[in-house]
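Colleague: 3D model of this:
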Amino acid sequence: MSLIFSAAAATAAPRPVRLVAFGDSLTAGFRLPADAAFPAVLERMLKAKGRDVTIANAGVSGDTTTGGLDRLDWSVPEGTDGVIIELGANDMLRGTDPAVARRNLTAMLDRMKARHIPVLLAGMQAAPNLGPDYRAKFDAIYPDLAKQYGVILYPFFLDGIIGDAGQHLDDGLHPNVKGVETMASRMLPTVERFLDTLPAR
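Modeller: Numbering: from 1, shown residues only. Alright, predicted model coming up:
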């Protein structure tokens, strides 16, 4: 019986790598079908490259870093192998003091570190109309924290679509289906590098 069990265990397929995409409407897929949201598109791209990965969509539209911190623990369940943290855009759009976003993101990284869950930090950049002082303070948050905690940084989550109306919804803020495809394809190499750093399971 034990030999049969051992053989079955040895041939059992390993479970997929479990990622959680933790963010705001940019992650959630505002006004898009579920299968067109960023986590679903990124998961498909990874599987097309032979990566056995599942990505849970833990995006909440309108969420700030403060709201994200409040729900972090239950949004990232036990058994999660890695987290993509994408928050801060709504703090910026509201003109919230960058110190608030920095403090909240620091607390998130502390909690994930305490749980031994690796993080890929997706950066955000402030809009030009907020002025150079605000932009300098806000934009520095993500590279500073990535360096401090030794986590992989994707510098700008919206890279490749800013200023392109054809990749946005009619609100001019959120990506449309094409925009999400661009964002996922741009981020794909960084996510693959992140996967290669995850501890062996």
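Colleague: neighbours of the closest residue to K49 other than its chain neighbours, just the number please.
Modeller: The shortest distance from K49 to any non-neighbouring residue, by CB to CB, 6 or more residues apart in numbering, is to E192 (7.2 Å). Placement of C-beta: from N, CA and C, glycine included. Neighbour count for E192, taken as other CB atoms under 10 Å: 14.
Colleague: In the chain, what residue spans correspond to helices?
Modeller: Under the criterion DSSP state H, the chain contains helices at 2-11, 25-28, 38-48, 65-75, 89-93, 98-114, 132-139, 141-149, 177-197.
Colleague: Quick check: which of those is nearest to I161?
Modeller: helix 177-197 (4.5 Å; CB to CB).
Colleague: any idea of the mean pLDDT for that closest one?
Modeller: Averaging pLDDT along helix 177-197 yields 98.
Colleague: Can you name every helix or strand that that helix contacts?
Modeller: Applying 3 or more CB pairs under 8 Å, 6 or more residues apart in numbering; DSSP states H and E, one finds that helix 177-197 contacts helix 38-48, strand 82-86, strand 119-122, strand 152-154.
Colleague: that older thread, among the helices of the chain, which is the most enclosed?
Modeller: helix 25-28 (a mean of 24; mean count of other CB atoms under 10 Å).
Colleague: Can you name every helix or strand that that one contacts?
Modeller: helix 38-48, strand 53-59, strand 82-86.
Colleague: that older thread, for G59, find the nearest of the helices of the chain.
Modeller: The closest of those to G59 is helix 25-28. By CB to CB, the value is 3.1 Å.
Colleague: In contact with the most centrally placed residue in the chain, which residues?
Modeller: Centroid-nearest residue in the chain: I84, 3.0 Å away (criterion: CA atoms, centre = their mean). Contact analysis of I84 by CB atoms under 8 Å, 6 or more residues apart in numbering lists 19-23, 27, 55, 119-120, 122, 191, 194.
Colleague: cool, E181 as well?
Modeller: Applying CB under 8 Å, 6+ apart, the residues near E181 are V41.
Colleague: What of L19?
Modeller: 53-56, 80-84.
Colleague: let's see 7 Å
Modeller: Counting by CB atoms under 7 Å, 6 or more residues apart in numbering, L19 makes contact with 53, 55, 81-84.
Colleague: what about the helices of the chain, which gets the closest to D164?
Modeller: It is, among the helices of the chain and with distance given as CB to CB, helix 177-197, at 7.6 Å.
Colleague: Could you figure out how far the closest one is turned away from strand 82-86?
Modeller: Between helix 177-197 and strand 82-86, the angle comes out at 140 degrees (axes from the mean of the first three to the mean of the last three CA atoms, to 10 degrees).
Colleague: List every C-alpha atom in helix 177-197, with coordinates, as PDB.
Modeller: Provided in PDB are the C-alpha atoms of helix 177-197 (Å, rounded to 0.1, in the frame of the first residue of the first chain):
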ATOM      1  CA  VAL A 177      -9.400  45.700 -23.700                       C
ATOM      2  CA  LYS A 178      -6.500  46.700 -26.000                       C
ATOM      3  CA  GLY A 179      -4.900  48.800 -23.200                       C
ATOM      4  CA  VAL A 180      -4.900  45.900 -20.800                       C
ATOM      5  CA  GLU A 181      -3.300  43.700 -23.400                       C
ATOM      6  CA  THR A 182      -0.500  46.300 -23.900                       C
ATOM      7  CA  MET A 183       0.000  46.600 -20.100                       C
ATOM      8  CA  ALA A 184       0.200  42.800 -19.600                       C
ATOM      9  CA  SER A 185       2.600  42.300 -22.500                       C
ATOM     10  CA  ARG A 186       4.800  45.100 -21.300                       C
ATOM     11  CA  MET A 187       4.900  43.700 -17.800                       C
ATOM     12  CA  LEU A 188       5.300  40.000 -18.800                       C
ATOM     13  CA  PRO A 189       9.100  39.900 -18.800                       C
ATOM     14  CA  THR A 190       9.200  41.400 -15.300                       C
ATOM     15  CA  VAL A 191       6.600  38.900 -14.000                       C
ATOM     16  CA  GLU A 192       8.600  36.000 -15.500                       C
ATOM     17  CA  ARG A 193      11.700  37.300 -13.700                       C
ATOM     18  CA  PHE A 194       9.600  37.500 -10.500                       C
ATOM     19  CA  LEU A 195       8.400  33.900 -10.900                       C
ATOM     20  CA  ASP A 196      12.000  32.800 -11.300                       C
ATOM     21  CA  THR A 197      12.900  34.200  -8.000                       C
END
